[in-house]
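Visitor: sequence and predicted model, in that order:
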Amino acid sequence: MPLPATHLLADSEADTAYTEIAASETGFKAPGVRDLVASLKVRAMRGTAWTIVAYVLAMGIRLLSNIILTHILAPQLFGLMTLLTTAITGLTLFSDLGLTPNIVRSSRGDEPQFLNTAWTMQVIRGVALWICCLSLTLPFARFYREPQLRMMVPVIGLSLVISSFNSTSLATFARRMAVRELAFVDLSIQATQLILTVVCALIYHSVWSLIAGRLFADAARLTISHLLIPGQRTRFEWDRRAAKELFAFGRWVIFSTALTFLASQSDRMILGRLVSFRTLGLYGIAFTLADIPRQIILSFCNNIVFPFVSKLAHLPRAEFFELVLQYRQHVLIAASAILAVVITFGDQFMVHIYDSRYHAASWIVPILALGLWHTLLYATTTACLWAVGKPQFVTIGYFFSALVVLTVTPLTFHAWGLPGFVWTVAFSDVPMYISNLIGLGREGMFPATQDFKATLVFLLICAGLIGVRIALGLHIPQPIALH
């Protein structure tokens, strides 16, 4: 069902409207930097509220889907789907030009020529990726010694083509921090996908039910994206100036997203070769549960922090960073509480809610969740580096994090088994945090003091919750061998 978009204003109109609101609330009358900052804070706070609400609901749907499906499908089927999803994500990220971030940050982000050129590049890329997917099918199936992949990889690869035709209206909504509308789109798609996937799983008890749900979600998002903004129609067009700008920004994005995949998702590709599909499925389910805080953090940073800081990047560095730190402080406190709960009680949630076939992987949840704290610290400042035109530090950080995953995880697996692998994955992105600090420091931005204080708060919350856990008579989770 298409969402009404009559409330959407052009950027200039939106800025005027929100400035008037901010002026009434702050007492400023004349337009200027203070009014712009106040208006952006209004939008950011509204966006934050909607991000929290949307992700509570989205994670609820995602958890409900996992819980229901784990009672229907065997772990090895989730192992296959984990491998397929990771492979498709890898292809996508290895060729990502950062079209949506570019539309969000560019001064031409509302021009039809710019949007149509971005859409044309997106379609060409999607078709090329599917052709690449077809060529890799046989080697992929042989490497993982699974004949079923010969049919599954080309079919799930269709999602690359489907999503490439998504309208640029999704990027336009992100540009205007229309978090509520994007949330409605995602939630409606996820809810419908859940129903379809569960019905298919009950009928067929096959991994194909998971693939069907994925393709349906992509097709639904494609359809809705073209109905979001009445009158806006994307078409094939090529503007050389727009293409040059998109490529100039995208060259760093390509490296960053490719390295992001290697740093944050290649663990499943590696583990798929080292263990059975059943163990991979157990790991994938535990990872999904532990990853909920990270998904909330990334959604918040993409939908709120990046648009927010992009519009303030023209300010003097000291003023710019002071505003970012003020806003970030509240985010860190709230996120630390959420993360501490997952670390302390995430394994119990898995034991009491999931099917018994998955309980053996519950010890993975607190380890992976613990490794998200430093992820939270750098994720909430990375947007600053993009906004001030210093993405190379992000790329460098992901390079060294990817190097840790690719070289150290196989060694720790052979030395200490799956526990060694999990601990390595949890802290593999520490180089990203260090690189972030170096890059920010060179721009006169120093978040280390705030990080230290926030870490103390986080540890105190964890200590308090662990005390509650011990008082309840719950033992500390111990690694269990998975076969």
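Guide: Thanks, I have it. Numbers count the residues shown, from 1 in each chain.

Visitor: which residues touch the helix or strand encompassing residue 248?
Guide: Using DSSP states H and E, residue 248 maps to helix 240-264. Under the contact criterion CB atoms under 8 Å, 6 or more residues apart in numbering, helix 240-264 has outside partners 89-90, 93-99, 101-102, 105-106, 108, 111, 113-114, 117-118, 121, 391-392, 394-395, 398-399, 401-402, 404-406, 428-429, 432. Every residue, glycine included, has its C-beta placed from N, CA and C.

Visitor: in helices, which of the residues you listed appear?
Guide: 89-90, 93, 99, 101-102, 105, 113-114, 117-118, 121, 392, 394-395, 398-399, 401-402, 404-406, 432 (DSSP state H).

Visitor: buried among the residues you listed? Need that as a selection in PyMOL.
Guide: Selection of buried members from the ones in helices among the contacts of helix 240-264 for PyMOL, criterion 16 or more other CB atoms under 10 Å:
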select buried, resi 89+90+93+99+101+102+105+114+117+118+121+394+395+398+399+401+402+404+405+406+432
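
Visitor: now do the contacts for the closest residue to residue 478 other than its chain neighbours.
Guide: Ranked by CB to CB, 6 or more residues apart in numbering and with sequence neighbours excluded, the top spatial neighbour of residue 478 is residue 363, at 6.3 Å. By CB under 8 Å, 6+ apart, the contact set of residue 363 is 347, 477, 478, 479, 480.

Visitor: same thing but at 10 Å, please
Guide: Neighbour list for residue 363: 286, 347, 350-351, 418-419, 422, 476-480, 482 [criterion: CB atoms under 10 Å, 6 or more residues apart in numbering].

Visitor: quick check: residue 410 vs residue 281, distance?
Guide: 20 Å (CB to CB, to the nearest Å).

Visitor: who has more neighbours out of the two?
Guide: residue 281 (27 against 16; other CB atoms under 10 Å).

Visitor: surely the more buried one touches residue 85?
Guide: No - contact criterion CB atoms under 10 Å: residue 281 and residue 85 do not qualify, at 11.9 Å.

Visitor: any regions of the stretch 151-300 of the chain where pLDDT drops low?
Guide: Across the stretch 151-300 of the chain, the ranges flagged by pLDDT under 70 are 177, 179, 249, 252.

Visitor: can you check the pLDDT for residue 92?
Guide: Note for residue 92: predicted pLDDT of 86.

Visitor: now do the contacts for it.
Guide: 125, 126, 129, 159, 160, 163, 164, 257, 261.

Visitor: torsion angles phi and psi at residue 199?
Guide: phi -60, psi -50 (degrees, to the nearest 10).

Visitor: hmm, it is touching residue 205, no?
Guide: No - taking contacts as CB under 10 Å, residue 199 lies outside contact range of residue 205: 11.9 Å.

Visitor: tell me, how many residues neighbour the nearest residue to residue 462 once chain neighbours are set aside?
Guide: Once flanking residues are discounted, residue 462 sits nearest to residue 340: 4.7 Å by CB to CB, 6+ apart. For residue 340, the neighbour count with other CB under 10 Å is 24.
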